[in-house]
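A.B. asks: Provide a 3D model corresponding to the input given below.
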Amino acid sequence: HARGFPIISCMAHDFLAVPAMLVLVEHLFSKLHHVYADMCSFLKAATISQLMFAKFWL
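C.D. replies: All right, here's what the predicted structure looks like:
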């Protein structure tokens, strides 16, 4: 129906499309919870960020 409704088609594509990165971000937040909870929340934000980056690539 994109040819019959080009404007609505473009709007639907812009507003309803789910970026692939969204799934990755949700996965990282899930892992962040485990790292943060396991370390008893005494780490600085920068250290947690570095740990998450390292875990992502391992």
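
A.B. asks: Going by C-alpha atoms from here, please, whenever you check contacts or count neighbours.
C.D. replies: Fine.

A.B. asks: low-confidence ranges in this structure?
C.D. replies: 18-43, 55-58 (pLDDT under 70).

A.B. asks: now do 50
C.D. replies: Within the chain, no stretch falls below the threshold (pLDDT under 50).

A.B. asks: Would you mind listing the buried residues in stretch 46-53?
C.D. replies: By 16 or more other CA atoms under 10 Å, the buried positions in stretch 46-53 come out as 48, 52.

A.B. asks: CA atoms only: put that stretch into CSV for me.
C.D. replies: Provided in CSV are the C-alpha atoms of stretch 46-53 (Å, rounded to 0.1, in the frame of the first residue of the first chain):
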residue,chain,number,x,y,z
ALA,A,46,33.7,5.2,34.3
THR,A,47,34.9,1.9,35.7
ILE,A,48,31.5,0.2,35.1
SER,A,49,31.5,1.7,31.6
GLN,A,50,34.9,0.2,30.9
LEU,A,51,33.8,-3.2,32.3
MET,A,52,30.7,-3.2,30.1
PHE,A,53,32.8,-2.3,27.0
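
A.B. asks: could we number from 31 for the rest of this?
C.D. replies: All set: I'll call the first residue 31, so the last point we hit is now stretch 76-83.

A.B. asks: could you say what helices and strands the helix or strand Ile78 falls within packs with?
C.D. replies: Using DSSP states H and E, Ile78 sits within helix 75-87. Packing partners of helix 75-87 (3 or more CA pairs under 8 Å, 6 or more residues apart in numbering; DSSP states H and E): helix 50-68.
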